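K.L.:
Sequence and computational prediction follow.
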Amino acid sequence: MPEISPKSFTNALRALVGNCSIISVGLGNDKSGLVVTSAISLSAEPPLLLACVNRNASSWPLLKKYGCFGWSSLGAGHQDVGEKFAGFGGVKGPARYEGAEWETCVTGASLLKGAPSAFDCEVDEMIDRGTHSIVIGRVRAIRGTAQAGALIYWNGQFQELHS
């Protein structure tokens, strides 16, 4: 069987429609975040979420250091936030948070105001596989905004879905 290259694998994944979410982590000037399409629910009892984070991402060591994170799904009007958290134009660290409104909940993590769904989580477990860690978060608080639409990632591009 032929070897599958990382490039052919990631290109094939672009054909899948993914809901865009951001993982926010850290405090003050020691914060960063990233866009993920791998964030999903794991369990309702207890409420657990799962996201896959590349161990080379600037957010990964902050997850280990702070032990908590925010998971905010992106709405139709959040493409600029998605682009910042994806690092477009070289945006890094705390600069990714500029131009958006944030709130702090139970753990101290930042949640995006106006997100369709946002979850304040404690890191329950991190499981390393390949280049990524499977981050399991125990939900401590939930916020949401009705009729916010969704930002999706498909075919290598962000696209808005309106309610």
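P.N.:
Alright, I've got the coordinates. None of the values given here were measured: they were computed from a predicted structure.

K.L.:
How about E125: what's its closest non-neighbour residue?
P.N.:
Spatial nearest neighbour of E125, excluding adjacent residues (CB to CB, 6 or more residues apart in numbering): I136 at 4.5 Å. Glycine gets a C-beta too; all of them are placed from N, C-alpha and C.

K.L.:
Look up the residues forming beta bridges with that neighbour.
P.N.:
Beta bridges link I136 to L50, E125 when assigned by DSSP bridges.

K.L.:
which residues does it contact?
P.N.:
Counting by CB atoms under 8 Å, 6 or more residues apart in numbering, I136 touches 42, 48-50, 123-127.

K.L.:
Which of the residues you listed are buried? Put it as a ChimeraX command.
P.N.:
The buried residues among these can be selected in ChimeraX (16 or more other CB atoms under 10 Å) with this line:
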select :42,48,49,50,123,124,126
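
K.L.:
Name the member of the contacts of I136 with the shortest distance to A141.
P.N.:
L49 (12.3 Å; CB to CB).

K.L.:
so who does that closest one touch?
P.N.:
39-42, 71, 119, 121, 136-137, 139.

K.L.:
on that earlier part again, test for you: state the pLDDT assigned to the residue nearest to E125.
P.N.:
Listed pLDDT for I136 reads 98.

K.L.:
what's the answer for the one 5 residues further on, then?
P.N.:
Here, the pLDDT recorded for A141 equals 98.

K.L.:
Likewise for the one 5 residues further on?
P.N.:
The predicted local distance difference test score for A146 is 96.

K.L.:
For Q159, see how far away it is.
P.N.:
Remark: distance between A146 and Q159 (CB to CB, to the nearest Å) = 21 Å.

K.L.:
More neighbours: which of the two?
P.N.:
For A146 versus Q159, the count of surrounding residues by other CB atoms under 10 Å is larger for Q159: 14 against 6.

K.L.:
which SS class is that one?
P.N.:
strand (DSSP: H, G, I helix; E, B strand; the rest coil).

K.L.:
Report the mean confidence score over stretch 25-41.
P.N.:
Mean predicted confidence for stretch 25-41 is 95.

K.L.:
now stretch 9-16
P.N.:
86.

K.L.:
How far away from the center of its chain is it?
P.N.:
Relative to its parent chain, stretch 9-16 has a centroid offset of 18 Å by CA atoms, centre = their mean, to the nearest Å.

K.L.:
Run through the residues that contact A115.
P.N.:
72-75, 78, 143-145, 148.
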